[in-house]
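*Asks:* The amino acid sequence is not available; the structure is as follows:
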């Protein structure tokens, strides 16, 4: 059969690779680049060797779906670096009276020492939510507000964490799904390996390797999908250039907004389009810079990850040490001041895991494959992490090619699955 895939992010490319050699496959991608949320930049390093920094996905577990896929693609353990652990939460207070060196005055920045204990409490409860199979539709505030913690500690130690991940306000973080938030912060348990890793050449190398290994796949970057229609008993994908591609099945590895748009001309897709309206997104801007403008004044308080609470927002900074000088990857979306020099930047649309979205998603997944239309990527996952996104691709590939060994290899149990 012929399968058309819209989106050359991690999910779309993984689906294509999993079907490679089994079905005739076409991949359309709106951007000129591939990888979706796998976005790496390479800056000059020591002795001319470039340093890779990730503005999208920055780390993954060492024993999950991503690691299995990388190994199958020839990216073995020697190409991974362990990501240092550690997080500091700081709160920006009033700004200094006068500016220095012509720049806006720096805020008075205080370390939230109690935030660490609150984060540990969240980790313990999140593990229990998974173990007890808490409903995905329970809001975070329903479970956190009864905790005997001061308001500023709940904000800095609990709500600031998902607010920084999903680009929402501290207030909006309360309305997110507790179970979905907990997936990112649950205590893995005694003896579990909680270490995370990144590819030395950048996480986008995974996308490039997938594309290289798709030997019989037709990949068309710079070619977005405009609409899908049914004609002569088959599906037809019409791209931005007006070309028509007849296929037997379509895999939408797209944001919900884009998926809803392309389904507008497809008869019988009304319910699916209605469900996709429950998906909401926030914009997130990331930038690479060399000055530690968002970190505490004392270097002894620096951590690999810093969450800065300022006003209603919480934003992160990741610190990467280099012999030739430190570099930082920061969220810049709502900052009052920007770094002296932004070396590279990019923007993302980040899905909000609300109870309403997760309820709609459950129904959407019950319609998976109806009329030959499938969904892969974050639209089809409860947790928008790379392992889950790739698992969604493997699930779709298994439906389309049930005898192929590749999906089964990626989906073999690890003991960490959630219902």
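*Replies:* Nice, thanks for sending it over. Model, not experiment: these values are computed from the prediction. Residues are numbered from 1 along each chain as shown.

*Asks:* distance between whichever strand or helix holds residue 257 and the chain's centre?
*Replies:* Counting by DSSP states H and E, the element that carries residue 257 is helix 256-262. Relative to the mean C-alpha coordinate of its chain, helix 256-262 is positioned 18 Å out (Cα atoms, centre = their mean, to the nearest Å).

*Asks:* For it, give the mean pLDDT please.
*Replies:* Rounded to a whole number, the mean pLDDT of helix 256-262 is 98.

*Asks:* what packs against the next helix-or-strand element following it?
*Replies:* Note on helix 256-262: by DSSP H and E, the next helix or strand toward the C-terminus is helix 270-276. Contacting helix 270-276 under the criterion 3 or more Cβ pairs under 8 Å, 6 or more residues apart in numbering; DSSP states H and E are the following elements: helix 256-262, helix 355-366. Using the backbone N, CA and C atoms, a C-beta is placed for each residue, glycine as well.

*Asks:* which of those helices sits most buried?
*Replies:* A comparison of those by mean neighbour count, using mean count of other Cβ atoms under 10 Å, puts helix 256-262 on top with a mean of 21.

*Asks:* what comes into contact with that helix?
*Replies:* Helix 256-262 is contacted from outside by 6, 30, 225-228, 252, 254, 273, 276-277, 279, 281, 349, 351, 375, 379, using Cβ atoms under 8 Å, 6 or more residues apart in numbering.

*Asks:* repeat that for 7 Å
*Replies:* Helix 256-262 is contacted from outside by 6, 225, 226, 227, 228, 252, 273, 276, 277, 279, 281, 379, using Cβ atoms under 7 Å, 6 or more residues apart in numbering.

*Asks:* And for stretch 65-73?
*Replies:* Outside stretch 65-73, the residues that touch it by Cβ under 7 Å, 6+ apart are 14, 60, 206, 209, 210, 213, 386, 387, 390, 391, 409, 410.

*Asks:* let's see it at 8 Å
*Replies:* Judged by Cβ under 8 Å, 6+ apart, the contacts made with stretch 65-73 from elsewhere in the structure are 14, 17, 60-61, 76-77, 79-80, 197, 199, 206, 209-210, 213, 386-388, 390-391, 394, 406, 409-412.

*Asks:* residue ranges for the helices of the chain, please.
*Replies:* Assigned helices in the chain, in chain order: 10-19, 65-72, 115-131, 140-144, 151-154, 160-166, 170-173, 178-185, 204-213, 256-262, 270-276, 355-366, 386-400, 405-410 (criterion: DSSP state H).

*Asks:* on contacts alone, who are the packing partners of the third one?
*Replies:* With contacts defined as 3+ Cβ pairs under 8 Å, 6+ apart, the packing partners of helix 115-131 are strand 87-95, helix 140-144, helix 151-154, helix 160-166, helix 178-185.

*Asks:* can we see that at 10 Å?
*Replies:* Secondary structure elements in contact with helix 115-131, counted by 3 or more Cβ pairs under 10 Å, 6 or more residues apart in numbering; DSSP states H and E, are strand 87-95, helix 140-144, helix 151-154, helix 160-166, helix 178-185, strand 305-310.

*Asks:* can you pull the buried residues of that helix?
*Replies:* By neighbour count, and taking 16 or more other Cβ atoms under 10 Å as the criterion, the buried residues in helix 115-131 are 115, 118, 119, 121, 122, 123, 125, 126, 127, 129, 130.

*Asks:* about what we covered before: show the buried residues in the contacts of stretch 65-73.
*Replies:* By the neighbour-count criterion of 16+ other Cβ under 10 Å, those include these buried positions: 14, 17, 60-61, 80, 197, 199, 206, 209-210, 386-388, 390-391, 394, 406, 410-411.
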